[in-house]
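Participant: Have a look; sequence and predicted model below, questions after that.
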Amino acid sequence: MKSNSRISAKLIPFVIGFVIVVAAAIWAFSSMNSGKVIPFSSIEDTIKAQKGELVTLTEKVDGTIYIDTPDGKFISHFRPNSPLVEELVQKYNIQYKYSDSSSAGYFIFGGIIIVGLTAAIILRKKGGLSFAKSKHSTAKSIPLPTITLKDIGGLPEEMKDEILQTLEIVKDPERSAKVGIKAPKGILLYGPPGTGKTLLAQAIARELGANFFSASGSAFTELFVGVGASRIRGLFENARKQTPAVIFIDEVDALAGKRKQHGGEEAEKTLTELLVQLDGGHQNEGILFIAATNRKDMLDDAFLRPGRIDFTFNVPLPDTKGRKEIIDIHTKNKRLADNVIASLDTLAESTTGFSGAQISSLFEMASRKAVREGREEVGMEDLDYAIDRTILGSTSRALNDPETKRRVAIHESGHALIQAVTKPGSVRKATIIPRGQALGYVAPLQQELHLTTASELLNRVSMILAGGVAERLYLGEHSVGVSGDVQQAKQLLEDMVDTGMLQDGFTLTFHKQDKDAKMQELFQQAIQQTEQMIVEHKPAFEQLVEALLKEETLDGTEVQAIVDQETAILI
Ligand SMILES: Nc1ncnc2c1ncn2[C@@H]1O[C@H](COP(=O)(O)OP(=O)(O)OP(=O)(O)O)[C@@H](O)[C@H]1O
Ligand SMILES: [Zn+2]
């Protein structure tokens, strides 16, 4: 103890000098970036007030926006998911800069840590502040907005049920343990950007009455060596002090990406620390971990292991009905002209491919325009303006082209029809809404080659090819979208030939030529069979197309009902 204090006494002048240098650097940096803090929503007014004078707008990776005007400097600390900045740049005299500002960021962050640590050491030596307490004060959970599952539109009903059931287990782990169910430790939400994953995490926390700790995966990767790992530890330690708690990490792919792709010792360390914390055992009682990503395929398998991630939910883009729900949620507190109110159903139908965030920003944009132009209600012209702005340059454009939409509906109806005809009751869902790269219908994975007969396998090939076949029958030729299907069919045919799973009995082929010929034969056979089935079930097929165009998503029973109903009429 004595020698300890002697050492720290020697260190004090050095430490103080260091603190001064760092503080000066931070001061210089922050004065460079200081300004009046304004909310995101008043950026436009601030710029407008410059009456056409040049404004410099610098956006940082973290969403902070620095606005340099002749009137002075302004800062907005948080950029919501909104296209406003892009609009402003087009509209006003703005010089726009994007800055990933890592060096300054590191510097200031590093500085804060060093100052914090030295201060803590000094204060601790003086007995002025307990370490635990000072740490605690930085460990606030975020006050939750009053979000419930009801405020999230477009979630499939069965998903809501499943989530609620899962939460029941979390709420009452003892009872669940008695019936042999283990409470989940982690949940993964994946889906396209802006579909409400963050909202869902907040709603879950609220449902559990838990404190909400939230961070973005990218926040752990832009730091000094070892800092990422210690921030992870800090996050979990903080949450453990305030259970029940939900720890939410958005963009988790930045943190838990596949290791080899990821590279870098630092990234590796951070991920390892996350895994260690997730495995915290009884320490993690009362903690639910929720991660969100747009890129599930990028995640490391070790991260996805049960015990770390126990449930995975796909949060899809909303279909027509879902978009109507989201529209209702986001118009609840808005004053709309009567003709706008009357057009909301049509709006839901004509915004295929829009995410919840895009729908929300649609109404924000429209209201701002109405306010700007002195109207008390959002009118049709405001809404049209906002729709045009949102569709421009967005991926939803393609699907709002009626021809493309029809092609996709025909393609997906092909898959769905053949599946419903050859394996009644096995269709899970048919949809024309894009999911990541692949359009629409996702066939249940075939893994049990050994449990399937040769005819069943050929039916499967037919089902896989049915999208392209339907396009050919109805539109003359198929689109490039078919290539993935063909690859999949080819793989299956190859497996069939390799394993001798053929309808004419076991056949073994030893020469590549024989094999190719056999595959070609089966391929043609499958195509023919598919054509026949589509022609035979023409009324059902066309009904499926119409239904998909209207509803965009049909669940398995709806598909089956259309197909069976037709069969009933035929009989
Ligand atoms: N399903 C939805 N229902 C209602 N509002 C939604 C929905 N999805 C998104 N929104 C609106 O968009 C905003 C952004 O959504 P959120 O941040 O939850 O999306 P996310 O899926 O987490 O996106 P990202 O992947 O970009 O992080 C929400 O605050 C909300 O206003
Ligand atoms: Zn297909």
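Facilitator: Yes, it's here. Ligands and ions are numbered 1, 2, ... in the order given.
Participant: contacts, neighbours, all on C-alpha from now
Facilitator: Fine.
Participant: and the helix or strand encompassing residue 199, what other elements does it pack with?
Facilitator: Mapping residue 199 onto the secondary structure by DSSP states H and E places it in helix 197-208. Here helix 197-208 touches helix 157-171, strand 211-216, strand 245-250, strand 287-293, going by 3 or more CA pairs under 8 Å, 6 or more residues apart in numbering; DSSP states H and E.
Participant: What separation is there between residue 288 and residue 172?
Facilitator: Here residue 288 is placed at a distance of 13 Å from residue 172 (CA to CA, to the nearest Å).
Participant: Of these two, give the one with the bigger neighbour count.
Facilitator: residue 288 (26 against 11; other CA atoms under 10 Å).
Participant: Could you check how far the more buried one is from ligand 1?
Facilitator: Distance from residue 288 to ligand 1, counting by CA to the nearest ligand atom, to the nearest Å: 17 Å.
Participant: which residues touch that residue?
Facilitator: Residues in contact with residue 288 (CA atoms under 8 Å, 6 or more residues apart in numbering) are 184-187, 245-247.
Participant: can you do 7 Å?
Facilitator: Neighbouring residues of residue 288 by CA atoms under 7 Å, 6 or more residues apart in numbering: 185-186, 245-247.
Participant: try residue 214
Facilitator: Contacts for residue 214 (CA under 7 Å, 6+ apart) come out as 247-249.
Participant: What about the closest residue to it other than its chain neighbours, how many residues nearby?
Facilitator: Take residue 214 and drop its neighbours on the chain: the residue closest to it by CA to CA, 6 or more residues apart in numbering is residue 248, 4.6 Å away. For residue 248, the neighbour count with other CA under 10 Å is 25.
Participant: Residue 94 too?
Facilitator: 20.
Participant: now the closest residue in space to residue 154 that isn't next to it in sequence: how far from residue 336?
Facilitator: Nearest residue to residue 154 in three dimensions, chain neighbours excluded: residue 322, at 3.4 Å (CA to CA, 6+ apart). Going from residue 322 to residue 336 by CA to CA gives 20 Å.
Participant: where does the stretch 1-150 of the chain have low pLDDT?
Facilitator: Across the stretch 1-150 of the chain, residues meeting the criterion (pLDDT under 70) sit at 1-33, 39-40, 52, 57, 59-64, 78-93, 95-145.
Participant: Kindly recompute the last result at 50.
Facilitator: Counting by pLDDT under 50, the stretch 1-150 of the chain contains low-confidence ranges at 1-7, 26, 28-31, 81, 100-113, 116, 118, 120-139.
Participant: thinking again about what came up before, of the contacts of residue 288, which is the nearest to ligand 1?
Facilitator: Nearest to ligand 1 out of these is residue 247 (CA to the nearest ligand atom; 14.2 Å).
Participant: if I look at that closest one, how far off is residue 294?
Facilitator: 18 Å.
Participant: More neighbours: which of those two?
Facilitator: Between residue 247 and residue 294, counted using other CA under 10 Å, residue 247 has the larger neighbour count: 25 against 21.
Participant: any idea how far residue 188 is from the more buried one?
Facilitator: Counting by CA to CA - residue 247 and residue 188 are separated by 12 Å.
Participant: now swap in residue 516 and tell me
Facilitator: Applying CA to CA, the value for residue 516 to residue 188 is 42 Å.
Participant: neighbour count winner among the two?
Facilitator: Using other CA under 10 Å as the criterion, residue 516 and residue 188 rank with residue 188 on top: 25 against 15.
Participant: pretty sure that one contacts residue 311?
Facilitator: Yes - the criterion here is CA atoms under 7 Å, and residue 188 meets it with residue 311 at 6.2 Å.
Participant: Identify the residues contacting residue 386.
Facilitator: Neighbouring residues of residue 386 by CA under 7 Å, 6+ apart: 362, 365-366.
Participant: As a markdown table, these with neighbour count, secondary structure and distance to ligand 1 would be great.
Facilitator: Formatted as a markdown table, the contacts of residue 386 follow (neighbours: other CA atoms under 10 Å; DSSP: H, G, I helix; E, B strand; the rest coil; distance: CA to the nearest ligand atom, whole Å):
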| residue | neighbour count | secondary structure | distance to ligand 1 |
| --- | --- | --- | --- |
| 362 | 25 | helix | 10 |
| 365 | 24 | helix | 13 |
| 366 | 22 | helix | 15 |
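Participant: out of these, who's nearest residue 70?
Facilitator: Within these, the smallest distance to residue 70 is 26.5 Å, found for residue 365 (CA to CA).
Participant: so is the closest residue to the closest one other than its chain neighbours in a helix, a strand, or just coil?
Facilitator: Of all residues not flanking residue 365 in the chain, residue 386 sits nearest, at 5.8 Å (CA to CA, 6+ apart). State at residue 386, reduced to three classes by DSSP: H, G, I helix; E, B strand; the rest coil: helix.
Participant: Show me which positions of the helix or strand containing residue 420 end up buried.
Facilitator: Element membership for residue 420 (DSSP H and E) is helix 402-422. Buried residues in helix 402-422, counting neighbours by 16 or more other CA atoms under 10 Å, are found at 405-422.
Participant: Likewise for stretch 153-161?
Facilitator: By 16+ other CA under 10 Å, the buried positions in stretch 153-161 come out as 153-155.
Participant: Just checking, which helix or strand succeeds the helix or strand where residue 474 lies along the chain?
Facilitator: Residue 474 belongs to helix 454-475 when assigned by DSSP H and E. Towards the C-terminus, the helix or strand next in line after helix 454-475, according to DSSP H and E, is helix 483-499.
Participant: residues in contact with that following helix?
Facilitator: When contacts are defined by CA under 7 Å, 6+ apart, helix 483-499 is touched by residues 461, 464-465, 502, 515, 519.
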